[in-house]
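Visitor: Sequence first, then the predicted structure, then my questions.
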Amino acid sequence: MVVVTLQREKCIGCNYCVEMAPGQFRMSKKDGKSVLLHSSNKKGFHTMKSPDDFILDDCQKASKACPVHIIDVKKI
């Protein structure tokens, strides 16, 4: 199980997460911030849980590329 968390309010819209993990992230046309696909929002933390371990590598690359460090990736 892979758990990805995004603090969307702190996003600066650099687009690195979309470049590294296009299957999990998109940029919003409304405000230019990152959107974590298939996630639920709880107090500003957008969390997505996936049983697909194949997304782990791309999500970790997105987390490392993020200049404001608002993406957290865990394998549980």
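Guide: Great, that's in hand.

Visitor: Please make it C-alpha for all contacts and neighbour counts, starting now.
Guide: OK.

Visitor: which residues in this structure form strands?
Guide: All strands of the chain, identified by DSSP state E, fall at 2-7, 25-27, 34-36, 40-42, 45-50, 71-75.

Visitor: most distant residue from the middle of the chain?
Guide: Lys30 (17.4 Å; C-alpha atoms, centre = their mean).

Visitor: coming back round to it: for Leu56, find the nearest of the strands of the chain.
Guide: Across these, Leu56 has its closest neighbour in strand 2-7 (6.4 Å, C-alpha to C-alpha).

Visitor: list the helices and strands that closest one packs on?
Guide: strand 45-50, strand 71-75 (3 or more C-alpha pairs under 8 Å, 6 or more residues apart in numbering; DSSP states H and E).

Visitor: how far off strand 45-50 does that strand point, in degrees?
Guide: Put simply, strand 2-7 runs at 160 degrees to strand 45-50, going by axes from the mean of the first three to the mean of the last three C-alpha atoms, to 10 degrees.

Visitor: Partner strands of strand 2-7, with direction?
Guide: Partners of strand 2-7 in the sheet, by DSSP bridges, are strand 45-50 (antiparallel), strand 71-75 (antiparallel).

Visitor: circling back to that earlier point, tell me which of the strands of the chain is the most buried.
Guide: Most buried of the strands of the chain, by mean neighbour count (mean count of other C-alpha atoms under 10 Å): strand 34-36, with a mean of 23.

Visitor: List the contacts of it.
Guide: 6, 8, 11, 13, 15, 17-18, 24-28, 46-48 (C-alpha atoms under 8 Å, 6 or more residues apart in numbering).
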